[in-house]
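Sequence and computational prediction follow.
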Amino acid sequence: MRPSFYSGWKHVFKLDPDREIGDDALEAICASGTDAILVGGSSGVTFDNTVELMSRIRRYEVPCAFELSDPACAVPGFDGYFIPSVLNTKRSEWLIGHHVDALRDYGHLMPWESIVGEAYLVLNPDSTVARLTEADARIGSDAAVAYAQVADRLWNVPVLYVEYSGTFGDMELLSRIRASLKQAHLFYGGGIDGPDKAAQAARRADTVVVGNLIYDQLAAALATVHAVNQAVKEKDYVLRKR
Ligand code: 1GP
């Protein structure tokens, strides 16, 4: 059976091991009522800074998962692990090559019961992840939906992550992607700058990821938790009435 530790998550905060966060801010994030903390970053993630951040988060009860893209950073002790692949990269190592290398060396050590594949659709060409993976982020909406369907319907991926990191995404496209999915759990992340955008994303995605705002405006970041929960309640009410 597939791991499903993430299936109830509506809201998560993403913390980057390569960025500084003070104890008070970390406590506020961990005790905010968010469903989980996702640890990950596009650059500068090391075994040491991941261990350090994880052990600080572990003081709190909130579930904590790690996006693992480099086996050298495989820190044990998280509640779950996502292994990202970039669907629209032009370099096959980011889709499958690094994964094959990692499994060739470490496949026998993998705690499969807590590992989930995560298919990224990277849609902000100016983001670090787009540059790093040479993602073809300037694709049109029809192509974006097609990528989502390849991942969801042909490959049966557990998680599709629509990633606009650093900018707020096209909500109409997110609705189209949502409607095209048969089974994948939909993560949305990018440019959430407060409750309003968080609610918009929550009406479409299963899980809303808030990243940069934690470091830029903590109070606004904390306010996204309630906004997402409220939007999800309203969405459920509308669906029940249908
Ligand atoms: C980054 O999707 C997350 O991987 C969140 O994006 O930092 O723009 O909130 P932001």
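Looks like it came in fine.

Any buried residues in the helix or strand bottoming out on mean pLDDT in the chain, and which?
Every helix and strand of the chain was ranked by mean pLDDT, DSSP states H and E. The lowest is helix 98-106, at a mean of 91. Across helix 98-106, burial judged by 16 or more other Cβ atoms under 10 Å covers 98-99, 102. Any C-beta I mention is one placed from the backbone N, CA and C, and that applies to glycine too.

Then stretch 221-239?
221-225, 227-229, 231-232.

And for stretch 10-24?
10-17, 21.

Same check on stretch 123-142?
123-124, 127, 129-130, 132-133, 135-137, 139.

for it, the distance to its chain's centre please.
16 Å (Cα atoms, centre = their mean, to the nearest Å).

go on, stretch 201-212?
With Cα atoms, centre = their mean, you get 9 Å for stretch 201-212.

Put the alpha carbons of it into PDB.
Only the C-alpha atoms of stretch 201-212 are listed here, as PDB (Å, rounded to 0.1, in the frame of the first residue of the first chain):
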ATOM      1  CA  ALA A 201      -5.300  28.300  -3.800                       C
ATOM      2  CA  ALA A 202      -7.100  26.200  -1.200                       C
ATOM      3  CA  ARG A 203     -10.300  26.300  -3.300                       C
ATOM      4  CA  ARG A 204      -8.400  24.400  -6.000                       C
ATOM      5  CA  ALA A 205      -5.500  22.400  -4.500                       C
ATOM      6  CA  ASP A 206      -5.600  19.700  -1.900                       C
ATOM      7  CA  THR A 207      -2.600  21.200  -0.100                       C
ATOM      8  CA  VAL A 208      -1.400  24.800  -0.100                       C
ATOM      9  CA  VAL A 209       2.300  25.400   0.500                       C
ATOM     10  CA  VAL A 210       3.500  28.600   2.100                       C
ATOM     11  CA  GLY A 211       7.200  29.300   1.900                       C
ATOM     12  CA  ASN A 212       8.900  32.700   1.500                       C
END
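
where does the protein come near the ligand, residue by residue?
Within reach of the ligand by Cβ under 6 Å from any ligand atom, the chain has these residues: 14, 163, 165-166, 189-192, 209-213.

let's see it at 8 Å
Taking Cβ under 8 Å from any ligand atom as the criterion, the neighbours of the ligand within the chain are 14, 40-42, 127, 129, 161, 163-167, 187-192, 209-213.

Roughly how far does Asp216 sit from Ile57?
For Asp216, the distance to Ile57 equals 20 Å [Cβ to Cβ, to the nearest Å].

which one of these two has more residues nearby?
Ile57 (20 against 10; other Cβ atoms under 10 Å).

so who does that one touch?
Applying Cβ atoms under 8 Å, 6 or more residues apart in numbering to Ile57 gives the contacts 15, 26, 30, 37, 39, 64.

so where do the helices sit in the chain?
Counting by DSSP state H, the chain has these helices, from start to end: 23-30, 47-57, 92, 98-106, 128-133, 141-149, 171-180, 195-202, 213-216, 218-241.

Quick check: which of these is nearest to Gly117?
Of all the helices of the chain, it is helix 98-106 that lies closest to Gly117, at 8.7 Å by Cβ to Cβ.

hmm, back to that, make TSV out of the contacts of Ile57 and add pLDDT and distance to Phe82.
Below are those laid out as TSV (pLDDT from 0 to 100; distance: Cβ to Cβ, whole Å):
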residue	pLDDT	distance to Phe82
Leu15	98	14
Leu26	98	21
Cys30	98	19
Ile37	98	13
Val39	98	10
Cys64	98	12
